[in-house]
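Trainee: just the structure for this:
(chains A and B)
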Amino acid sequence: KAGVTQTPRYLIKTRGQQVTLSCSPISGHRSVSWYQQTPGQGLQFLFEYFSETQRNKGNFPGRFSGRQFSNSRSEMNVSTLELGDSALYLCASSPILQRDTEAFFGQGTRLTVV
Amino acid sequence: AQSVTQLGSHVSVSEGALVLLRCNYSSSVPPYLFWYVQYPNQGLQLLLKYTTGATLVKGINGFEAEFKKSETSFHLTKPSAHMSDAAEYFCAVGAGSYQLTFGKGTKLSVIP
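Mentor: Residues are numbered from 1 along each chain as shown, chains lettered A, B, ... in the order given. This next block holds a predicted model:
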């Protein structure tokens, strides 16, 4: 069974640009979550989608947005990039929306903003 | 709201020695607790989780953790460290919502 796939793995963007990251969950999984990982702040929750609806959102500015498609694939978008957006962005999928369910993580997209 | 505190951002142990990584949590509702491991340039992999029932939880690669409600702790242990255990370990709590709240992580070094 294929794992969570995130594309691209590495990305370099310039301040002010926008970027779109993609996440394909494990087949059959309907819940997708996004996390930002930085050395200073650690892992921080961005948002979670289930059945194409955003169920929960973390404390990030409106420049961060996402969506989920009918096949459960998800994208997140960051507009007007800032240097501080440089981070590893991790996507995780779960079969259902339940608190005790394991989240399976992808390898992440490393975004560098210059 | 919930929070997780991992004591020690870096821990070094000798190969064959006991591994003890500390995690304390705060939650206003019964928590679900997780330990994840991250190898360089990789995502997170679940080691073990506590939901309900037995408080001593066994995971993969010989790791185990004990849920102690009175101490609000969920420390991770392994009797004998192996070189392949060198990685960063994250404790996480799920409580009241579907998101996971992670600790800052503990980087484990294993000295040959």
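Trainee: what parts of chain A come near chain B?
Mentor: A:4, A:31, A:33, A:35, A:42-45, A:48, A:55-56, A:58, A:90, A:92, A:97-100, A:102-108, A:110 (Cβ under 8 Å from any Cβ of the partner chain). C-beta: built from backbone N, CA, C; applies to glycine.
Trainee: same thing but at 6 Å, please
Mentor: Residues of chain A lying close to chain B (Cβ under 6 Å from any Cβ of the partner chain) are A:42-43, A:45, A:48, A:56, A:90, A:97, A:99-100, A:102, A:105-108.
Trainee: what ranges in chain B fall below the confidence cut-off?
Mentor: B:95-98 (pLDDT under 70).
Trainee: quick one: name the residues of it near chain A.
Mentor: B:32, B:42, B:43, B:44, B:46, B:51, B:94, B:97, B:98, B:99, B:102, B:104.
Trainee: write a PyMOL command that selects only the buried members of those.
Mentor: Buried subset of the residues of chain B next to chain A, written as a PyMOL selection, criterion 16 or more other Cβ atoms under 10 Å in any protein chain shown:
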select buried, chain B and resi 32+43+44+46+51+94+98+99+102+104
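Trainee: from the residues of chain B next to chain A, which land in helices?
Mentor: Among the residues of chain B next to chain A, no member is found in helices (DSSP state H).
Trainee: adding distance to residue A:73, write the residues of chain B next to chain A out as JSON lines.
Mentor: Formatted as JSON lines, the residues of chain B next to chain A follow (distance: Cβ to Cβ, whole Å):
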{"residue": "B:32", "distance to residue A:73": "27"}
{"residue": "B:42", "distance to residue A:73": "21"}
{"residue": "B:43", "distance to residue A:73": "17"}
{"residue": "B:44", "distance to residue A:73": "20"}
{"residue": "B:46", "distance to residue A:73": "22"}
{"residue": "B:51", "distance to residue A:73": "28"}
{"residue": "B:94", "distance to residue A:73": "24"}
{"residue": "B:97", "distance to residue A:73": "23"}
{"residue": "B:98", "distance to residue A:73": "19"}
{"residue": "B:99", "distance to residue A:73": "20"}
{"residue": "B:102", "distance to residue A:73": "24"}
{"residue": "B:104", "distance to residue A:73": "31"}
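Trainee: look at residue B:92 and say how many residues are nearby.
Mentor: 25 (other Cβ atoms under 10 Å in any protein chain shown).
Trainee: ok so, going back, buried subset of the residues of chain A next to chain B?
Mentor: A:42, A:43, A:45, A:48, A:90, A:97, A:99, A:105, A:106, A:107, A:108.
Trainee: looking at those, which is nearest residue A:73?
Mentor: Within those, proximity to residue A:73 (Cβ to Cβ) peaks at residue A:106, which comes in at 11.9 Å.
Trainee: give me the nearest residue to the spatially most central residue of chain A, chain neighbours excluded.
Mentor: Nearest to the mean C-alpha position of chain A, by Cα atoms, centre = their mean, lies residue A:34 at 3.2 Å. In space, and not counting its chain neighbours, residue A:34 is closest to residue A:46: 4.0 Å by Cβ to Cβ, 6 or more residues apart in numbering or on different chains.
Trainee: quick one: contacts for the one you found?
Mentor: Residues in contact with residue A:46 (Cβ atoms under 6 Å, 6 or more residues apart in numbering or on different chains) are A:34, A:36, A:58, A:60.
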